[in-house]
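>>> Turn this into a model:
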Amino acid sequence: MTVTHEVTNQAPPLTGFSAADEPALLEALRREGGAWGEAEVVELGALAGSAEVQDQAHWAEQQPPRLHTHDRYGHRVDEVEFHPAWHQLMTTAVEHGLHAAPWTDRRAGAHLVRAAKFYVWSQAEAGHGCPISMTYAAVPALRAAPELAARYEPLLAARAYDFGLRAPLSKRGLIAGMSMTEKQGGSDVRANTTAAVPTGDGSYRLTGHKWFTSAPMSDVFLALAQTPEGLTCFLVPRVLPDGSRNGMRLLRLKDKLGNRSNASSEIEYEDAVAWPVGEPGRGVRTIVEMVNMTRLDCVLGSAAGMRAGLRQALHHTAHRRAFGRELDRQPLMRAVLTDLAVESEAATVLGMRLAAAVDRSGAGDAGEAALRRLALAAGKYWVCKRGSGHAAEALECLGGNGYVEDSGMPRLYREAPLLSIWEGSGNVAALDVLRALTREPAALDAYFAEVDAAAGTDRRLDAAVAGLRKLLGSLGDPERAQLMARSLAERLALVLQGALLVRHSTPAVADAFCASRLDGEWGHAFGTLPPGVDHAAVLGRARTGADAG
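Numbering: from 1, shown residues only. Have a look, this model is predicted:
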């Protein structure tokens with residue numbers, strides 16, 4: 001072999017690391033009441049960074065699901081075939097309780113621990129997180145129908161992944177999907193035209209076209225359809241109790257921008273059997289609980305993507321040399337890496353705080369419930385928006401190496417926009433911030449109670465809080481408020497992130513965040529931090545567990 005085939009100046013494979021080896025994550029877990037689950041989080045984080053799981057993620061993406069509408073004889077089957085790697089990823093997620101297990105776990109901090117595990121495991125492969133997240137989110141909505149919840153919730157929470165088309169109540173564990181979006185409405189689900197006709201025995205028959213139904217191989221779905229009373233939520237099984245197929249026809253799988261591992265579909269209900277969940281005509285109110293829980297996972301998923309991208313950037317630049325020294329020793333590259341690290345930690349600390357609010361609100365804390373209501377909408381808007389830019393900059397740190405599929409960076413880049421779109425894109429989340437402020441005044445009180453816990457510790461944070469109060473006072477009429485909704489959501493999220501970092505992170509990270517995000521000493525791209533930032537301290541904290549291999 002000639003000398004031209006020698007490989008030099010390339011980073012070694014990034015494997016054998018732990019996705020849980022991150023100070024910001026573990027500190028939040030202990031601080032917010034989840035220390036009892038740390039060993040489980042660490043175990044799953046090490047698994048996420050293993051060569052075996054990275055191989056599973058590769059094959060799940062490289063061999064996407066295939067739709068089989070009919071069998072060889074012409075019988076309608078509507079089945080989705082997956083590579084075995086997909087099932088291995090799903091099995092691990094379910095066995096570790098990333099789906100609905102926290103709903104039946106009485107320990108304080110169960111949702112927080114689950115959030116930490118979802119965060120580290122999502123860094124292995126994001127696509128299978130969709131059905132995991134929807135199963136998690138289905139339980140609080142299903143509780144609007146206590147009889148159905150009594151039968152289905154134990155199976156939704158069971159730590160058994162039991163794939164296959166069989167009657168749900170005959171299985172060891174269930175996965176839930178969501179079927180809301182229609183062609184004519186998108187996020188405006190009140191415009192849905194799927195019709196539900198009562199049969200007289202308590203069930204309904206659904207007929208209609210759903211434009212986007214993720215994870216169509218799930219066992220049960222929460223769907224919205226119009227009844228005589230108005231839009232209503234329903235539980236729709238894929239297989240009926242007698243073992244026959246329900247009238248749910250898979251028309252096609254979507255060719256998506258993001259992950260290829262998960263199946264997203266267009267379906268038709270043809271006289272499908274369904275049972276009502278919640279009051280007839282109150283479907284939006286019922287499904288809101290599911291939407292809120294998936295929004296939490298959008299924040300966690302975006303934070304996980306940032307951490308995964310940062311890890312890749314740190315690893316590559318530590319091993320790649322240019323102009324006589326490693327890239328991460330070059331001042332300008334250090335500025336970019338520092339900025340990416342600050343953004344990543346701000347997203348992580350906010351996601352974990354929101355998960356803690358889920359636990360506390362479930363235990364009856366009204367203040368935490370109010371905080372969750374406003375902060376989750378603002379956090380979903382901002383953190384998920386930041387995900388795409390962060391992925392692009394992390395990819396650019398790898399240069400041409402990051403632009404090829406083998407690096408894994410294109411997968412990360414393609415996935416990032418999904419989390420900003422899923423369950424309501426930017427405008428929907430921003431308008432929900434306004435809705436929370438208008439309809440639930442206690443939410444703003446709870447928000448400022450959280451932020452004011454950091455009062456007096458950083459002058460830039462104090463000034464940002466004062467500016468936010470002024471902005472809230474200037475909203476005026478509804479049209480002006482709507483025009484300012486994005487600015488407001490952004491400011492709410494940034495101020496909360498700043499307060500959390502000032503209280504709980506290291507001085508270097510908090511200083512860099514407040515100087516750039518709150519005090520305006522920042523450009524329009526990553527790597528434009530002001531002078532005086534302690535790059536060594538920020539990067540030293542971020543490097544923990546990030547430069548294995």
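
>>> Quick check: longest helix in the protein by residues?
Ordering each helix of the chain by length in residues (DSSP state H) puts helix 283-319 first.

>>> List the buried residues of that helix.
283-284, 286-287, 289-319 (16 or more other Cβ atoms under 10 Å). C-beta here means a position set from N, CA and C on the backbone, and glycine is covered the same way.

>>> likewise stretch 13-25?
Quick answer for stretch 13-25 (16+ other Cβ under 10 Å): 14, 17-25.

>>> can you list the residues you listed in TSV and add distance to Leu206?
Formatted as TSV, those follow (distance: Cβ to Cβ, whole Å):
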residue	distance to Leu206
Leu14	47
Phe17	47
Ser18	45
Ala19	40
Ala20	42
Asp21	47
Glu22	44
Pro23	49
Ala24	45
Leu25	42
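
>>> got the contact list for the residue nearest the centre of the chain?
Per Cα atoms, centre = their mean, the C-alpha nearest to the average position across the chain is that of Cys298, at 2.3 Å. Going by Cβ atoms under 8 Å, 6 or more residues apart in numbering, Cys298 touches 380, 383-384, 419-420, 422-423.

>>> Check Val336 too.
313, 393, 397, 526-527.

>>> Check the average confidence over stretch 335-352, would you?
Averaged over stretch 335-352, pLDDT sits at 98.

>>> scratch that, stretch 195-206
95.

>>> Could you do stretch 517-531 as well?
For stretch 517-531, the per-residue pLDDT averages 92.

>>> what residues does it touch?
332, 335-336, 338-340, 342-343, 346, 389-390, 393, 460-461, 463-464, 494-495, 497-498, 512, 515-516.

>>> Can you list the buried residues in it?
So stretch 517-531, judged by 16+ other Cβ under 10 Å, has buried residues 517-519, 521-522, 526-527, 529.

>>> which stretches of this protein have low pLDDT?
By pLDDT under 70, the low-scoring segments of the chain are 1-2, 545-549.

>>> what's the angle from the longest strand along the chain to helix 283-319?
The longest strand of the chain (DSSP state E) is strand 264-277. Counting by axes from the mean of the first three to the mean of the last three Cα atoms, to 10 degrees, strand 264-277 lies at 140 degrees to helix 283-319.

>>> returning to what we had before: including distance to Cys130, could the buried residues of stretch 517-531 go into a markdown table?
As requested, the buried residues of stretch 517-531 are exported to a markdown table (distance: Cβ to Cβ, whole Å):
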| residue | distance to Cys130 |
| --- | --- |
| Arg517 | 30 |
| Leu518 | 34 |
| Asp519 | 38 |
| Glu521 | 38 |
| Trp522 | 33 |
| Phe526 | 28 |
| Gly527 | 32 |
| Leu529 | 35 |
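
>>> what's the spacing between the residue nearest to the centre of the chain and Pro140?
16 Å (Cβ to Cβ, to the nearest Å).

>>> With Ala108 instead?
18 Å.

>>> Settle it for me: which of those two has more neighbours?
Taking other Cβ atoms under 10 Å, Ala108 and Pro140 do not tie; Pro140 has more neighbours (19 against 16).

>>> isn't that one right next to Leu296, touching?
No. Applying Cβ atoms under 8 Å as the test, Pro140 and Leu296 come out as separate, 11.3 Å apart.

>>> can you tell me which residues contact Arg486?
Applying Cβ under 8 Å, 6+ apart to Arg486 gives the contacts 381, 426-427, 430.

>>> out of those residues, which are buried?
Buried, going by 16+ other Cβ under 10 Å: 381, 426, 430, out of the contacts of Arg486.

>>> Now do the same contact list for the nearest residue to Ala263 once chain neighbours are set aside.
Excluding the flanking residues, the one nearest Ala263 by Cβ to Cβ, 6 or more residues apart in numbering is Pro65, at 4.2 Å. Applying Cβ under 8 Å, 6+ apart to Pro65 gives the contacts 80-83, 86, 217, 253, 261-263.

>>> Repeat the analysis, applying 7 Å as the threshold.
Shown in contact with Pro65 (Cβ atoms under 7 Å, 6 or more residues apart in numbering): 80-82, 253, 263.

>>> cool, and Gln54?
Thr15.

>>> which residues touch the closest residue to His128 other than its chain neighbours?
With Cβ to Cβ, 6+ apart as the criterion, His128 has its nearest non-adjacent residue at 4.7 Å, and that residue is Leu89. Leu89 makes contacts with 56, 60, 125, 128, as judged by Cβ under 7 Å, 6+ apart.

>>> Give me the three-state assignment for Leu89.
helix (DSSP: H, G, I helix; E, B strand; the rest coil).

>>> Pro13 now?
Going by three-state DSSP: Pro13 is coil.

>>> count of neighbours near the closest residue to Gln56 other than its chain neighbours?
Closest residue to Gln56 in three dimensions, ignoring its sequence neighbours and counting by Cβ to Cβ, 6+ apart: Ala85, at 4.2 Å. Around Ala85 there are 21 other residues, counting by other Cβ under 10 Å.

>>> Which residue ranges of the stretch 151-300 of the chain form strands?
Residue ranges of the strands in the stretch 151-300 of the chain, as given by DSSP state E, counting those that start in this stretch, are 176-179, 195-198, 204-214, 220-227, 230-237, 248-253, 264-277.

>>> Same question for the stretch 351-500 of the chain.
Counting by DSSP E, counting those that start in this stretch, the stretch 351-500 of the chain contains no strands.

>>> What is the nearest of the contacts of Leu89 to Asn401?
Of all the contacts of Leu89, Asn401 sits closest to Glu125, with 20.4 Å by Cβ to Cβ.

>>> Make sure that closest one is indeed in a strand.
No. Counting by three-state DSSP, Glu125 falls outside a strand, being coil.

>>> Report how many residues lie close to it.
Glu125, neighbours per other Cβ under 10 Å, totals 27.

>>> try the one 4 residues further on
In terms of burial, Gly129 registers 27 neighbours under the definition other Cβ under 10 Å.

>>> my guess is it contacts Gln123, does it?
No. Using Cβ atoms under 7 Å, Gly129 is not in contact with Gln123, being 10.1 Å away.

>>> what sits against Gly230?
Gly281.

>>> again, but for Arg541
Counted by Cβ under 7 Å, 6+ apart, Arg541 has contacts 23, 506, 509.

>>> Can you list phi and psi of the first one for me?
Dihedral pair for Pro23: phi -50, psi -40, per degrees, to the nearest 10.

>>> wait, it sits on Thr544?
Yes. The pair Pro23 / Thr544 is scored as a contact, 5.7 Å apart, by Cβ under 7 Å.

>>> Quickly list what's touching both of those two.
Common neighbours of Pro23 and Thr544 (Cβ under 7 Å, 6+ apart) do not exist.

>>> secondary structure class for Pro102?
Secondary structure of Pro102, per three-state DSSP, is helix.

>>> residues near the nearest residue to it once chain neighbours are set aside, how many?
Among residues not flanking Pro102 along the chain, Ala110 sits closest, at 4.0 Å (Cβ to Cβ, 6+ apart). Around Ala110 there are 23 other residues, counting by other Cβ under 10 Å.

>>> Ala110 and Ala100 touch, don't they?
No. If you go by Cβ under 7 Å, Ala110 and Ala100 don't touch, sitting 11.0 Å apart.

>>> and the nearest residue to Thr199 once chain neighbours are set aside, how many residues sit next to it?
The shortest distance from Thr199 to any non-neighbouring residue, by Cβ to Cβ, 6+ apart, is to Arg205 (6.1 Å). The criterion is other Cβ under 10 Å. On that basis, Arg205 has 17 neighbouring residues.

>>> Contact partners for Arg205?
197, 199, 271-273.

>>> likewise Lys117?
40-41, 44, 96, 98.

>>> Ok, Arg166 next?
Taking Cβ under 7 Å, 6+ apart, one finds Val239 in contact with Arg166.

>>> run the last query once more with 10 Å
219, 238-239, 243 (Cβ atoms under 10 Å, 6 or more residues apart in numbering).

>>> ranking those residues by neighbours, who comes first?
Asp219 (26 neighbours).

>>> Touching, that one and Arg172? I think so.
No. Here Asp219 lies out of contact with Arg172, judged by Cβ atoms under 10 Å, at a distance of 11.0 Å.
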